[in-house]
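> fold the following and give me the result.
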Amino acid sequence: DQATAKDLQSLTDNCKPFAVEQLKQIVKKELGDTVDNLFLSFDEEPLAAASLAQVHEAKLKNGKEVVVKVLRPNIERDVKRNLRALKAAARLTKYLYKESDRLKPIEVVKDYESTILRELDLRLEASNSNLTRKNFIDSKELYIPEVFWDLTTSKVMVSEKIDGIPCTDIKQIESFGIDKKKLAENGVMIFLNQVFRDNFFHADMHPGNIFINAKNPSSPSYVAVDYAIVGTLSEEEQFQIGRMLVAVIARNFKEVAKILIEAQWVDASTRQNELENTIRAACEPIFEQPLDKINFGEMLLFIFDSARRFNLSMQPSLM
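Model (predicted):
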């Protein structure tokens, strides 16, 4: 529910920090020198502390302001322990609930395992950031901070410090006179470009990773950080999702049903007109509501439940 989601949001950047002395030892071991020698200044108070890593502000010898991200001590051991628990829960779910096959819990956990283990190598995050920075180098909608490769290893990453308004701070966004309609449109364009133009997208877009640049309120842009989790789609998935988006926006539920059958997300024996009517009944009321009244989680569950008799299943890559 919403209360639980709000509690869990603190894990994005407000976890209990680990000792700064431990962090300094990790930096020295990884970068071969002390924090005092590497940086002109270093703020011992964490800027943010998330579940996997901790971030501190610092200044390079040349005066450039940066952030230093360091993985938590023993985090690999803790993650692998949690993965064992998730795998056990997935097997139990598959055993106890016949319909769990529609959600593919074991496959989803395996997909998550490969994702979370990649998060434990900050060089991969640095590489992902660098590629996205190149993809949006001339963009007016999105800015990606620069990575300093000579100060980056598997456990430490140093990148350009950015200024921005947290994307959930609506009061501050309004106080700067930012055009929220334009901001929303730019967000959609960023999504479409990442998924369909680049086929390389930020797959961890929680509020702790997205900021608003308020320098030009009439044409606001975003700043995205933490590219540890990224996604790509097969050409077929891109094509099907693109068709699906166009069909849903046009309220062409016949086309939506056709796509679901062609993509084999439902039983091959499904009658198109029956699936079309089910999707229409689930989706049509939603279009009549303002955006702030729509609970997208409940909507997806309702659609999923409505299509139960067609054995609608979700693909792990899309989950």
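
> number of residues surrounding I106?
When neighbours are defined as other Cβ atoms under 10 Å, I106 has 17 of them. Every C-beta, even on glycine, is put in place using the N, C-alpha and C of the backbone.

> contacting residues around the spatially closest residue to it that is not a sequence neighbour?
Of all residues not flanking I106 in the chain, A90 sits nearest, at 4.7 Å (Cβ to Cβ, 6 or more residues apart in numbering). Contacts here follow Cβ atoms under 8 Å, 6 or more residues apart in numbering; on that basis A90 touches P105, I106, V108, V109.

> A90 and I165, how far apart?
As for A90, its distance to I165 is 38 Å (criterion: Cβ to Cβ, to the nearest Å).

> same thing with Q54?
Q54 sits at a distance of 22 Å from I165 (criterion: Cβ to Cβ).

> Q240: which element?
helix 235-249 (DSSP states H and E).

> in that helix, what counts as buried?
Neighbour counts over helix 235-249 (16 or more other Cβ atoms under 10 Å) mark E237, Q240, I241, R243, M244, A247, V248 as buried.

> just stretch 204-212 next, same as before
Buried residues in stretch 204-212, defined by neighbour count with 16+ other Cβ under 10 Å: D204, M205, G208, N209, I210, F211, I212.

> repeat that for stretch 29-43.
E30, L31, V35, L38, F39, F42.

> stretch 255-267 now?
Buried-residue list, stretch 255-267, by 16+ other Cβ under 10 Å: E255, V256, A257, K258, I259, L260, I261, A263, W265, V266.

> keep only those of those residues that are in helices.
E255, V256, A257, K258, I259, L260, I261 (DSSP state H).

> the last one touches A268, doesn't it?
Yes - using Cβ atoms under 8 Å, I261 is in contact with A268, at 7.3 Å.

> returning to what we had before: the residue nearest to I106 and G63: what is the separation?
A90 is 50 Å from G63, where distance means Cβ to Cβ.

> other residues contacting stretch 223-240?
Contacts to stretch 223-240, defined as Cβ under 8 Å, 6+ apart, come from residues 52, 115, 118-119, 122, 124-125, 128-129, 132, 142-145, 159, 162, 164, 195-196, 199-205, 208-213, 241, 259, 262-263, 315, 317-318.

> let's see that with 7 Å instead.
Here stretch 223-240 makes contact (Cβ atoms under 7 Å, 6 or more residues apart in numbering) with 115, 119, 125, 128-129, 132, 142-145, 162, 164, 196, 199-204, 209-211, 213, 259, 263, 317.

> okay, how far is it across it, tip to tip?
End-to-end distance for stretch 223-240, by Cα to Cα, to the nearest Å: 29 Å.

> biggest separation within the ones in helices among the buried residues of stretch 255-267, which pair?
Taking Cβ to Cβ as the measure, these span a maximum distance of 10.8 Å, between E255 and I261.

> overlap in contacts of the two?
Here E255 and I261 have no joint contacts, going by Cβ under 7 Å, 6+ apart.

> can you map out the helices along the stretch 151-300 of the chain?
170-175, 180-192, 235-249, 253-262, 272-287, 296-306 (DSSP state H, counting those that start in this stretch).

> so how many other residues sit close to A126?
Neighbours of A126 under the rule other Cβ under 10 Å: 22.

> list the contacts of the nearest residue to it once chain neighbours are set aside.
Closest residue in space to A126, ignoring its immediate chain neighbours: V147 at 4.5 Å, by Cβ to Cβ, 6+ apart. Neighbouring residues of V147 by Cβ under 7 Å, 6+ apart: A126, S129, N130, M157, S159.

> for those residues, which one is nearest R84?
M157 (27.4 Å).

> any low-confidence regions in this structure?
Across the chain, residues meeting the criterion (pLDDT under 70) sit at 1-2, 6, 8-14, 291, 296-297, 316-319.

> alpha carbons only: can I get the longest helix that it contains in CSV?
Determined from DSSP H, the single longest helix within the chain is helix 75-96. The C-alpha coordinates for helix 75-96 follow below in CSV (Å, rounded to 0.1, in the frame of the first residue of the first chain):
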residue,chain,number,x,y,z
ILE,A,75,27.6,-5.6,0.9
GLU,A,76,28.2,-8.5,-1.5
ARG,A,77,27.8,-11.0,1.4
ASP,A,78,24.6,-9.3,2.5
VAL,A,79,23.1,-9.2,-1.0
LYS,A,80,23.8,-12.9,-1.7
ARG,A,81,22.1,-13.8,1.6
ASN,A,82,19.1,-11.8,0.6
LEU,A,83,19.1,-13.4,-2.8
ARG,A,84,19.0,-16.9,-1.2
ALA,A,85,15.9,-15.8,0.7
LEU,A,86,14.2,-14.4,-2.4
LYS,A,87,14.9,-17.6,-4.3
ALA,A,88,13.4,-19.6,-1.5
ALA,A,89,10.3,-17.4,-1.5
ALA,A,90,10.0,-17.7,-5.3
ARG,A,91,10.1,-21.5,-5.1
LEU,A,92,7.6,-21.5,-2.3
THR,A,93,5.2,-19.2,-4.2
LYS,A,94,5.5,-21.4,-7.3
TYR,A,95,4.7,-24.5,-5.2
LEU,A,96,1.8,-23.0,-3.2
